[in-house]
Every structure is written in C-alpha cells, then in structure tokens.
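>>> Turn this into a model:
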Amino acid sequence: MTLVIVAVLLGAVAAAVAVVMVLYARELGLYEAFLRNRPLSSNTRLNAGTHLPGCTGLAAAVNAQLYASASREAKTRQDKADLLEGLASLSHDIRTPLAGAKGYLQLACDEANAAERNRCLQQAEQRLNAMQVLLDQLFDYTRTLGSQEMLALDDVDAMAALSGVLAGRYPEFAQAGREVRIDAACDALMVQADENALRRVLENVVSNALKHGDGDVCIRVEDGAMVFSNALLPGDAPDAEAVFDRFYRSDAARSTAGAGLGLPVVRELCAAMGIHASARVEDGEFVIVLAFPPAA
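Here you go, the predicted structure:
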C-alpha cells in the first residue's frame, strides 16, 4: 500500500512539474515572439501573462532594457540633429569670411593703386585667418573624439603644465594689455592626468579667457582645483549651463572668430581623465573650475 501511495504521489508531482514546464515554455515562447516581432521603433512593452516565479521580474528587466535602448536611440537622434544644425551654422560662418576674402582678392587684382591693393590684400588675409581659426577648432574637436581611449593617466604637475601654457600665451596677454594673476599656496599640484591632454585643456581654458573675456585673468588654486575667472565683455551674458555644449556661442562671442568648440574639447578631455569641469557666472565674471582627482 505504501509503495502505491508513493507511486501516486510521484506521479502527481511529475504531472505538476510537467504542467509548470508547459506554462513556462508557453510564457517564454510569448516573450521570444514579442522580442522577435516587435518593431525597433515601437513603444510597446512586455506584459507578463502569468505570475509564475521569475516571469514578472523577467518582464520588468526586459522592459527596463527596452526603455534604456529607446532612451539611447532618442539621445543619438537628438545629438545627430544638434550636430547637423551646428555644422550648418559653422559652414555659414566659414563661407562668410571666404566670400569676403575672394571679394578683396578680386578687388586687389583690379586695383592699380599700390596702397589700396595692399589694403585689400590685408583684408583678405584677415578673413582667411578667421576661417582658419574655425577649421582648426573643428579639427581639434574631431581629433579629441578619437583620442579619449588612448589617454595614459599618470602623476602630472598641473602647476608646471599651467606655467608652460601661460608662457606660450604671454605675447597675446601683453599685446592685449592684460595680465594673469595667480593665487596658489603651493608651487606644485600633482594630479592624475594625461600630460598632453591636460595641456590642451589648459590651453583652451586660457584661450577662451583671452578671446571672450575682459581685464586680467585670475587663477586660484585651492583644494585640488584650479579656478579661472575673468570679467565678461560688455553686453555678454553666457549661459553657464551651455558653455560646454558643442557649437555654443554667446551673442557677444559671435562677433569674434571661433566655432564654439574650445570648451567642448575641455569637457570631453576632462571627462576622459576624471576631471570635473564646471562653469558659472557671478558678479559680472565668468568662472571655470577644474576639479582634479588626487594623484595616485
């Protein structure tokens, strides 16, 4: 009798297991069909058709991945649209000095007066130089996008890198009648960074202050960070939340040569090195903060 009861129980268990396996197979088949037949552009989500253990959680995990994928695709589309819009604006900015240069060159060719011909040639050179600035910034930005994974982080003296950048920019500061004031409690600031990339970051920050700022440039070193500040040009009101965006230029900056790619290069390189770059506007000054990770 005992053996009969055991056999009956085992049979019942086997039948129950078979039923559960059939239900799981059916549910997983529905999941497979959903994922296989769901259009990539669809917003539909997976609904668990049963409360079997694991099915609800699996459906939730699948939906989370679908949502993340849709978010990435939406961001990619928006980034592409922003890039095309920026390139269209940049192409216009390039065509303008190019057309002007061609016009002045034609005038120079037709001009008999030597003084006037030289003036036309100088005007043409100025416009070609402005166009070169735009193209150089575009090249620098595209080069940055392909170099982030090649950075070699090591202990670097950020103060020494800054000194080298400022020495190279000294003639420009002198010509503009501007000075650099440094407030630092130490002679060295050891940070984890790629030396060449750090120099490019500092070059672009200093260059931004020269081109789009006014008065002296103040650099304060404190708590593992470099704080750059300078007065704004009259009428300039940059959006501190957008200055690191690709192709961004404030209204006042549009009157000067530049593609709006200098600070985006700073953002990309800083992100690759673990440096936090931020900006703010306060009391008529534009401030950029580079917060460095500590050296190893």
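>>> contacts and neighbour counts: CA atoms only from here.
Noted.
>>> ranges for the helices of this protein?
For the chain, the helices defined by DSSP state H occupy 2-37, 55-110, 114-145, 158-176, 195-212, 262-273.
>>> Phe173 against Leu210, yeah?
Yes - here Phe173 lies in contact with Leu210, judged by Cα atoms under 8 Å, at a distance of 7.5 Å.
>>> what sits against Tyr104?
Cys120, Leu121, Gln123, Ala124 (Cα atoms under 8 Å, 6 or more residues apart in numbering).
>>> Roughly how far does it sit from Asn118?
Noted for Tyr104: a distance of 10 Å to Asn118, by Cα to Cα, to the nearest Å.
>>> One more: Ala64?
If you go by Cα to Cα, the gap between Ala64 and Asn118 works out to 67 Å.
>>> Check Ser163 too.
Counting by Cα to Cα, the gap from Ser163 to Asn118 is 39 Å.
>>> cool, Ile94 as well?
Distance of Ile94 to Asn118, given as Cα to Cα: 23 Å.
>>> ok, Asn208 touching Gly262?
Yes - using Cα under 8 Å, Asn208 is in contact with Gly262, at 7.2 Å.
>>> quick one: which of those two has more around it?
Legend: neighbour count by other Cα atoms under 10 Å for Asn208 and Gly262, higher for Gly262 (26 against 15).
>>> So for Ala259, what's the pLDDT?
With respect to pLDDT, Ala259 scores 64.
>>> Could you do Ile275 as well?
93.
>>> Now do the phi/psi pair for it.
phi -90, psi 130 (degrees, to the nearest 10).
>>> any idea how far it is from Leu269?
In terms of Cα to Cα, Ile275 sits 8 Å off from Leu269.
>>> ok, now Val287?
From Val287 to Leu269 the distance is 19 Å (Cα to Cα).
>>> Which one of the two is surrounded by more residues?
Neighbours were counted for Val287 and for Leu269 using other Cα under 10 Å; Leu269 has more, 24 against 20.
>>> which residues touch the more buried one?
Applying Cα under 8 Å, 6+ apart, the residues near Leu269 are Thr144, Gln148, Ala197, Leu198, Val201.
>>> Comparing Ile94 and Asn118, which shows the higher neighbour count?
The residue with more neighbours, out of Ile94 and Asn118, is Ile94; 20 against 13, by other Cα under 10 Å.
>>> Check the burial of the residue nearest to the more buried one when sequence neighbours are not counted by counting its neighbours.
Excluding the flanking residues, the one nearest Ile94 by Cα to Cα, 6 or more residues apart in numbering is Met131, at 5.5 Å. Using other Cα under 10 Å, the number of residues around Met131 comes to 21.
>>> same question, Ala33
Ala33 has 11 nearby residues by other Cα under 10 Å.
>>> what's the answer for Leu166, then?
Applying other Cα under 10 Å, I find that Leu166 has 18 neighbouring residues.
>>> Between helix 195-212 and the longest strand anywhere in the chain, find me the angle.
Ranked by number of residues, the top strand in the chain under DSSP state E is strand 213-222. Relative orientation of strand 213-222 versus helix 195-212 (axes from the mean of the first three to the mean of the last three Cα atoms, to 10 degrees): 140 degrees.
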